[in-house]
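Participant: A predicted structure for the sequence below; I have some questions about it.
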Amino acid sequence: MNRSHPKKDFSVEEITELLVQFVQTQNLTEFYKWAKELHPYDLSLIYKKFPEQETKRFLLLFKPDVLADMAEALTLQEQVHLFEQLGPERTLEVMQQMDKSDLIRFMHDLPLKRREELLSTMNLDHSSIIRAVLNYPPETAGRIMTDRYRTLLSHETAKEALRESQASLLIPATSYLYVTDDEGKLVGVVSYQSLAQADDKTKVEELMTRRVIHATVDMDQEEAAQLLQRYEFMALPVVDENRRLCGVIQMDDVIDIIMDEASEDIAKMGGGSKDIDFDTKPLVAVRRRLPWLILLLFIGLISGSIVDFFEDTLNQVVALAFFMPMIAGMTGNTGTQSLAVVVRGLIGRKLDKATVLALIGREIKVGLLIGLVCGLMITVIAYFWQGDWLLGAIIGVSLFFTLVIGTLTGTCIPLLLSRFKVDPAVASGPLITTLNDILSLFIYFGIATRFLDALM
């Protein structure tokens, strides 16, 4: 391995080995030659792979701003461990270099006492901004906005605006600048390009666009993320109830939100918890998953009581038992499919009556068509398997009705939960499947019992 020049095709593992050697031999010239080429994310991977006994020496070689960028790429638990290794004074230096939206997410998850200890040691300007943002409800636009943006006054000239913007380090990645009045209210947005091409004496208010797409501080973060995504912005202004500009939501924060919300919804739809991941300890995972499973266990006992209720029917026509797993499984599957469609559609969206009715109407049609196709198929299969057209017809009709009802269950339950301000993802796959098991067995045995005499 040639160590004299950093190569882009070196793996993180190979670079880690080299940096460990440089730290151990105190070869700082080579260490910094390689370290300066690293992206903060790669640096975070190297930090996690670094030998424990060398980690403190490794961290001492970086300035606070570099460590701040690296910290932003770590999980909460990893950040806590990092700050423990840095010690109180260095932790404060690093935190004051971190992007405020990332620092606020970290502060939010800390115990209140520890959070106050850290805030009390920060400079007043920094801590006051963080305290103000933490006052907004969790998972709102106010919680994820950043103060890294630049504003212009509407009465400024293009020349004045350009001079101020060029002197600022806070020009957004979009190259768009937000325009406010003397009271700080958002009145427009103007592109940097428009300012550069305009006559020096042209007023900003003559160049700006007055209709500004924005979020409010109390808007749900998912809704704000979808708004930014829908308009393909790189940043979205956030205003309060008086339309005063409070901050900006950036695209990198939105990507984090989308990933977190998707992970949370998938976990809930599986009857699990968003707090369970690869690093969760077994007993912790059991404690978070077991209550949900115990609830489903008792609900599932209803299925057993239905089979017990129709015991005489089952004893007289044993062939009915052959198709029980298929009927229950198919109904659960179609319900879970509908659930996934509805939960995905509900993300960041407020549904009106017309949309809900249209969705239910469409799912009824889907259920009817699926039920018809699958019902006809199982009718033919049952006939050739058992040699009885009536038995095949009973199974086919049962499957038809259960698939229609399963589709409606998977559609209506999340819609009802959303209507009552409950997260629709809690209508999880296991719950829908269990409810559909109960309904499908009741319909199946009910129809079979009705035609029992003809089957004998």
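Facilitator: Cool, the structure landed.

Participant: From here on, just use CA atoms for contacts and neighbour counts.
Facilitator: Will do.

Participant: Work out for me the element Ser194 sits within.
Facilitator: Here Ser194 sits within helix 192-197, counting by DSSP states H and E.

Participant: can you pull out the strands in the protein?
Facilitator: 151-153, 176-180, 186-191, 215-216, 235-239, 245-250 (DSSP state E).

Participant: Need those in a markdown table (columns: distance to Ala382).
Facilitator: Shown next, in a markdown table, are those (distance: least, Cα to Cα, whole Å):
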| stretch | distance to Ala382 |
| --- | --- |
| strand 151-153 | 72 |
| strand 176-180 | 66 |
| strand 186-191 | 67 |
| strand 215-216 | 57 |
| strand 235-239 | 59 |
| strand 245-250 | 58 |
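
Participant: Can you get me a residue count around Ser120?
Facilitator: Neighbours of Ser120 under the rule other Cα atoms under 10 Å: 11.

Participant: roughly how far apart are it and Val94?
Facilitator: Distance from Ser120 to Val94, counting by Cα to Cα, to the nearest Å: 15 Å.

Participant: Low-confidence ranges, this protein, go.
Facilitator: Within the chain, the stretches with pLDDT under 70 are 1-9, 166-175, 260-280, 288, 347-351, 421-429, 454-456.

Participant: What helices and strands are in contact with the top helix by length along it?
Facilitator: Longest helix in the chain by number of residues (criterion: DSSP state H): helix 353-386. With contacts defined as 3 or more Cα pairs under 8 Å, 6 or more residues apart in numbering; DSSP states H and E, the packing partners of helix 353-386 are helix 389-419.

Participant: ok now the helix it packs on, how far from the chain's centre?
Facilitator: 30 Å (Cα atoms, centre = their mean, to the nearest Å).

Participant: tell me which residues in that helix are buried?
Facilitator: 389-415, 418 (16 or more other Cα atoms under 10 Å).

Participant: and Asp109, which of the strands of the chain is closest to it?
Facilitator: Comparing the strands of the chain against Asp109 with Cα to Cα, the closest turns out to be strand 245-250 (20.0 Å).

Participant: Keeping just the C-alphas, turn the closest one into PDB.
Facilitator: Presented in PDB, the C-alpha positions along strand 245-250 are these (Å, rounded to 0.1, in the frame of the first residue of the first chain):
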ATOM      1  CA  LEU A 245     -39.700  34.800   9.600                       C
ATOM      2  CA  CYS A 246     -38.400  32.400  12.300                       C
ATOM      3  CA  GLY A 247     -36.100  30.000  10.400                       C
ATOM      4  CA  VAL A 248     -35.600  27.800   7.400                       C
ATOM      5  CA  ILE A 249     -36.000  24.100   6.900                       C
ATOM      6  CA  GLN A 250     -33.200  22.600   4.700                       C
END
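
Participant: Output the contacting helices and strands for that strand.
Facilitator: Against strand 245-250 (3+ Cα pairs under 8 Å, 6+ apart) you get helix 141-144, strand 235-239.

Participant: repeat that for 7 Å
Facilitator: Using 3 or more Cα pairs under 7 Å, 6 or more residues apart in numbering; DSSP states H and E as the contact criterion, the elements in contact with strand 245-250 are strand 235-239.

Participant: what's the spacing between the helix holding Ser194 and its chain's center?
Facilitator: In terms of Cα atoms, centre = their mean, the centre of helix 192-197 is found 37 Å from the chain centre.

Participant: With adjacent residues omitted, what lies nearest to Leu43?
Facilitator: Met70 (6.3 Å; Cα to Cα, 6 or more residues apart in numbering).

Participant: re earlier: contacts for the helix holding Ser194?
Facilitator: 158, 162, 175-177, 207 (Cα atoms under 7 Å, 6 or more residues apart in numbering).

Participant: Tell me how many other residues crowd Asn27.
Facilitator: Look at Asn27: counted by other Cα under 10 Å, it has 12 neighbours.

Participant: In this structure His100 contacts Met145, no?
Facilitator: No His there; residue 100 is Lys. No - contact criterion Cα atoms under 7 Å: Lys100 and Met145 do not qualify, at 8.5 Å.

Participant: of these two, who's got more company?
Facilitator: Shown here are Lys100 and Met145; by other Cα under 10 Å, Met145 has more neighbours (25 against 21).

Participant: quick one, what contacts the more buried one?
Facilitator: When contacts are counted by Cα under 7 Å, 6+ apart, Met145 touches 101, 247-249.

Participant: now do 8 Å
Facilitator: Residues counted as contacts of Met145 (Cα atoms under 8 Å, 6 or more residues apart in numbering) are 101, 238, 247-250.

Participant: Could you give me the PyMOL syntax to select whichever of the contacts of helix 192-197 are buried?
Facilitator: Applied in PyMOL, the following selects the buried portion of the contacts of helix 192-197 according to 16+ other Cα under 10 Å:
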select buried, resi 158+162+176+177+207
